[in-house]
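In: I'd like to go over a predicted model; first the sequence, then the structure.
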Amino acid sequence: MLEKIFKLKENRTNVKTELVAGLTTFMTMAYILAVNPQILSASGMDPTAVLIATCLASFIGTVCMAFMANLPFALSAGMGLNAYLAYTVCGSMGYPWQVALLAVFVEGLIFIILSLTNVREAIFNAIPLQLKNAVSVGIGLFIAFIGLQNAQICVDSSTLVTIVNFTENFNTQGIGALLAVIGTLLTAVLYVKNVKGSILFGILITWGLGIICQLTGIYIPNPAAGFYSLYPTFALTDFSKLGETFAQCFNGEAIKGANLNVVNFIVIIFSFLFVDVFDTLGTLIGVSTKADMLDENGRLPKIKPALLADSIATSSGAILGTSTTTTFVESASGVAAGGRTGLTALTTAVLFLASMLLAPIFTAIPSFATAPALIIVGFLMFSNIANIKLTSDNYTTAIPAYLCIIAMPLFYSIAEGICIGIIAYVVMNLFCKKWKEISPIMYVLAVLFILKYIFL
């Protein structure tokens, strides 16, 4: 039966290899179950509800990938996109999380339409490769910055930000920041040594060190100051919590919030869509290359059903109560372990579904323990900077890419980085008499973003 569904022999694999590959992919992705509830809880969402929604959305999206595309790719709540929802849309913009989820749902519907047509190729080809890489790099810095803040290594000061004084409040803030530093170095070493699940192990080891510190009196809980006990909670998952987020993107508050400022809401949708489209396409192509799945023209034959699975997962996730669900680059770990078909994805999907039973444990993990994951994932995204050509003959593209990168962490917004990068690219190439290199779509986007800054 499995042979008939997934065509294992045709893809030069077997059931055992696919199951091991699926487990490997899950181990490298499981950190999202600890990180996503913490990030989205900053928007006011219940952490347990977010974790259950994340597990279900991951299951739905990955099962769709398995049966619709027969590819070994897994999906879950995308890093960067969850931060954009929590810290930009709900933070600096001040929208309720219900409105943000509505934007994610609409973005998913648009992505479905784009996945069924050739429009996505037109948008994708209009954006210069340098800017696409810049978006990834900028998001990496943004995620790392959030990790440093969550661990309270980076704190407020007269210079806006500075490094924490480790000796001050050592039994709470100081030891937490120190453990985050140790955890980051441990995670980096594990990753360099190609340990499967290195990021997840980094989280668990850092948390374990924290528990030891609490047992020995080095760490002293202070709930009033936001420092809680580090001991794990062994309890049954309260599945009724899902009701707090399920279908909330359709409630009256969400619809009203979207109607208050339609232009801003459209910008939010586009920001989600932009990052989701390019992140997904980049991941699919990158991992497919590693798996030798591209044809002689460098194209992925099954890219349309793969994109459709991704878009279905996004809209489903918004209904359930989580941020944009997208294809994970960590799927490469399963491919490296021999995964070649949808059976790898199906294995990962089942493990995500089973993880709902461990919700109390995942939501009890402290922020200083998940910070190393954010910092290392930030590095992995930052590595795309090597693909940006920084020579004088390419300054009209390199400088906009640079502005896009620095804008994201400094303005605490992925959307601002995208807007500034596109505007700078069009303006610089226009005044440097390189207007023939600018796609008409880029002109339209630049004008829309300029109007955004004028009227919003």
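Out: Received, thanks.

In: where along the stretch 1-150 of the chain do the helices fall?
Out: Counting by DSSP state H, counting those that start in this stretch, the stretch 1-150 of the chain has helices at residues 2-6, 15-29, 32-41, 47-64, 81-83, 97-116, 119-126, 129-150.

In: nearest to residue 401, of these?
Out: With CB to CB as the measure, helix 129-150 is the member of those nearest residue 401 (3.7 Å). In this view, the C-beta of every residue, glycine as well, is placed from N, C-alpha and C.

In: next, the angle from the closest one to helix 32-41.
Out: On the basis of axes from the mean of the first three to the mean of the last three CA atoms, to 10 degrees, helix 129-150 is oriented at 80 degrees to helix 32-41.

In: what about residue 352, which helix or strand?
Out: Assigned by DSSP states H and E, residue 352 belongs to helix 342-354.

In: which residues touch that helix?
Out: Helix 342-354 is contacted by residues 2, 5-6, 8, 15, 18-19, 21-23, 25-26, 29, 55-56, 58-59, 62-63, 65-67, 69-74, 76, 334-335 when judged by CB atoms under 8 Å, 6 or more residues apart in numbering.

In: got the angle for it vs helix 15-29?
Out: Interaxial angle, helix 342-354 versus helix 15-29 (the same axes, to 10 degrees): 50 degrees.

In: tell me the helices and strands packed up against the following helix or strand past helix 342-354.
Out: Using DSSP H and E, the helix or strand that follows helix 342-354 in sequence is helix 359-364. Judged by 3 or more CB pairs under 8 Å, 6 or more residues apart in numbering; DSSP states H and E, the packing partners of helix 359-364 are helix 32-41, helix 47-64.

In: can I get the helices of the stretch 1-150 of the chain in CSV including mean pLDDT and distance to residue 301?
Out: What follows is these, written out as CSV (pLDDT from 0 to 100; distance: least, CB to CB, whole Å):
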stretch, mean pLDDT, distance to residue 301
helix 2-6, 80, 16
helix 15-29, 83, 20
helix 32-41, 89, 28
helix 47-64, 94, 17
helix 81-83, 85, 27
helix 97-116, 87, 15
helix 119-126, 65, 15
helix 129-150, 83, 22
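
In: out of the ones you listed, which comes closest to residue 186?
Out: helix 129-150 (14.4 Å).

In: tell me which strands and helices the closest one is in contact with?
Out: In terms of contacts (3+ CB pairs under 8 Å, 6+ apart), helix 129-150 is packed against helix 81-83, strand 154-157, helix 262-290, helix 367-382, helix 395-410, helix 414-431.

In: what's next to the second one, contact-wise?
Out: Surrounding strand 154-157, the residues in contact under the criterion CB under 8 Å, 6+ apart are 145, 148-149, 161-164.

In: ok so, going back, using JSON lines, lay out the helices of the stretch 1-150 of the chain together with mean neighbour count and distance to residue 402.
Out: Listed next are these as JSON lines, based on neighbours: other CB atoms under 10 Å; distance: least, CB to CB, whole Å:
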{"stretch": "helix 2-6", "mean neighbour count": "14", "distance to residue 402": "44"}
{"stretch": "helix 15-29", "mean neighbour count": "22", "distance to residue 402": "31"}
{"stretch": "helix 32-41", "mean neighbour count": "27", "distance to residue 402": "27"}
{"stretch": "helix 47-64", "mean neighbour count": "27", "distance to residue 402": "34"}
{"stretch": "helix 81-83", "mean neighbour count": "26", "distance to residue 402": "21"}
{"stretch": "helix 97-116", "mean neighbour count": "23", "distance to residue 402": "27"}
{"stretch": "helix 119-126", "mean neighbour count": "15", "distance to residue 402": "20"}
{"stretch": "helix 129-150", "mean neighbour count": "24", "distance to residue 402": "7"}
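
In: with distance to residue 305 added, can I get those in CSV?
Out: As requested, the helices of the stretch 1-150 of the chain are exported to CSV (distance: least, CB to CB, whole Å):
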stretch, distance to residue 305
helix 2-6, 14
helix 15-29, 19
helix 32-41, 23
helix 47-64, 8
helix 81-83, 22
helix 97-116, 8
helix 119-126, 13
helix 129-150, 23
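
In: so for residue 316, which of these sits nearest?
Out: Among the helices of the stretch 1-150 of the chain, helix 47-64 comes nearest to residue 316, with 4.8 Å by CB to CB.

In: other SSEs contacting the closest one?
Out: On a contact count with 3+ CB pairs under 8 Å, 6+ apart, helix 47-64 meets helix 32-41, strand 75-77, helix 303-320, strand 325-327, helix 342-354, helix 359-364.

In: now the longest one: average pLDDT?
Out: Read it as helix 303-320. Across helix 303-320, the average pLDDT comes to 89.

In: give me the angle between that helix and helix 97-116.
Out: Here helix 303-320 points in a direction 160 degrees away from that of helix 97-116 (the same axes, to 10 degrees).

In: got the CA coordinates for helix 303-320 in CSV?
Out: Written as CSV, here are the backbone C-alpha positions of helix 303-320 (Å, rounded to 0.1, in the frame of the first residue of the first chain):
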residue,chain,number,x,y,z
ILE,A,303,6.2,22.8,-7.1
LYS,A,304,2.6,23.7,-7.8
PRO,A,305,1.0,21.0,-5.4
ALA,A,306,3.8,21.8,-2.9
LEU,A,307,2.9,25.5,-2.9
LEU,A,308,-0.8,24.6,-2.7
ALA,A,309,-0.2,22.5,0.4
ASP,A,310,1.7,25.4,1.9
SER,A,311,-1.1,27.8,1.3
ILE,A,312,-3.8,25.4,2.6
ALA,A,313,-1.7,25.1,5.8
THR,A,314,-1.5,28.9,6.2
SER,A,315,-5.2,29.4,6.0
SER,A,316,-5.9,26.4,8.2
GLY,A,317,-3.4,27.6,10.8
ALA,A,318,-5.0,31.0,10.9
ILE,A,319,-8.4,29.5,11.7
LEU,A,320,-6.9,27.2,14.4
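
In: what's the angle from it to helix 47-64?
Out: Using the same axes, to 10 degrees: helix 303-320 against helix 47-64 is 160 degrees.

In: give me the distance from helix 303-320 to the chain's centre.
Out: With CA atoms, centre = their mean, to the nearest Å as the basis, helix 303-320 stands 15 Å off its chain's centre.

In: now do the last one
Out: Using CA atoms, centre = their mean, the distance from the centre of helix 359-364 to the centre of the chain it belongs to is 20 Å.

In: now swap in the fourth one and tell me
Out: Between the mean C-alpha point of strand 325-327 and the mean C-alpha point of its chain there is a distance of 8 Å (CA atoms, centre = their mean).

In: direction included, what does it pair against?
Out: Strand 325-327 sits in its sheet next to strand 75-77 (antiparallel), going by DSSP bridges.

In: contacts for the partner strand?
Out: 29, 32, 36, 54, 57-58, 61-62, 65, 309-310, 313, 317, 322-328, 352.

In: and the helices of the stretch 1-150 of the chain: which comes nearest residue 357?
Out: Counting by CB to CB, residue 357 lies closest to helix 47-64 out of the helices of the stretch 1-150 of the chain; the figure is 9.4 Å.
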